[in-house]
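Build the 3D model from these lines:
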Amino acid sequence: MALILDPGQTGGGLATTGSFEYRYPSGIDLKPTSATHTSLLSKLNQRIMESANEMSKRHSSWKSIDRTLTAYIPLDEMEERIKKNDERKPVSIVIPYSFATLETLLTYFSAAFLEYPIFKYSGSSPEDRVGAILLEKVIESQA
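This is a model prediction of the structure:
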C-alpha cells in the first residue's frame with residue numbers, strides 16, 4: 001500500500017493506492033476505492049487540516065518558550081569581535097535557570113503526585129493478567 005500526500009486532491013490530502021484482500025467486520029466496505037472509504041478519508045483530512053490550522057497559531061508562543069529554556073545564546077557584535085581577535089578570551093556564559101527550575105519541579109511533582117506504575121495495563125481475560133503485569137514492568141523500566 002502506498003500513501004500519497006496531495007493537498008489538491010478532493011479527499012483533502014491523503015490517498016491510497018493498491019488492492020487489499022481483507023474482509024471488514026459488519027459488512028463495512030473500507031477498500032480504497034469505496035464510497036465509505038472516500039467519505040471517511042475526506043472527513044479525516046478535513047480534521048487534520050483544522051487541527052494543523054489551530055496548532056499553527058501556537059507556534060510563536062512555543063518558539064518563545066524554547067528561547068527561554070535554551071542554554072545557547074548567539075554572540076552579540078562585541079563578543080564576536082572579541083572571539084575573532086582571540087578565541088581563548090571568554091564571552092558571556094548562559095546558565096539556564098528557567099530550564100533547571102522546570103526540570104526540578106517536574107521531578108518533584110512526578111514523585112509527589114504520580115503513583116507507580118504510571119502506565120497501568122490490564123488483560124481482557126484471566127490469562128492476560130501476567131502479560132499485563134510484565135508489560136507494566138517493561139514500560140516502567142523504560143520510562
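
Using the three-state scheme, assign Ile118.
Remark: Ile118 carries the secondary structure label coil [criterion: DSSP: H, G, I helix; E, B strand; the rest coil].

Let me know whether it touches Ser141 as I believe.
No. The pair Ile118 and Ser141 fails to qualify as a contact (C-beta atoms under 8 Å) at a distance of 11.8 Å. No exception for glycine: its C-beta is placed from N, CA and C like everyone else's.

Could you check which of those two has the larger neighbour count?
Between Ile118 and Ser141, Ile118 has the larger neighbour count (other C-beta atoms under 10 Å), namely 11 against 7.

Got the confidence number for the residue lying closest to the more buried one once chain neighbours are set aside?
Closest residue to Ile118 in three dimensions, ignoring its sequence neighbours and counting by C-beta to C-beta, 6 or more residues apart in numbering: Ala143, at 6.1 Å. You'll see Ala143 listed with a pLDDT of 70.

I'd say Ala143 and Tyr116 touch.
No. Contact between Ala143 and Tyr116 fails when scored by C-beta under 8 Å: they sit 9.8 Å apart.

Now for the two: what residues contact both?
Common neighbours of Ala143 and Tyr116 (criterion: C-beta atoms under 8 Å, 6 or more residues apart in numbering): none identified.

What is the neighbour count of Leu41?
Leu41 has 20 neighbouring residues, counting by other C-beta under 10 Å.

what's the average pLDDT for the helix or strand harbouring it?
Mapping Leu41 onto the secondary structure by DSSP states H and E places it in helix 35-56. For helix 35-56, the per-residue pLDDT values average out at 94.

I'd say Ile139 and Ala132 touch.
No. Under the criterion of C-beta under 8 Å, Ile139 lies out of contact with Ala132, with a separation of 10.6 Å.

if we can go back for a sec, what about the residue nearest to Ile118, how many residues close to it?
The burial metric for Ala143, expressed as a neighbour count using other C-beta under 10 Å, is 10.

What of Ile133?
The criterion is other C-beta under 10 Å. On that basis, Ile133 has 14 neighbouring residues.

same question, Glu136
Close neighbours of Glu136, defined as other C-beta under 10 Å, add up to 17.
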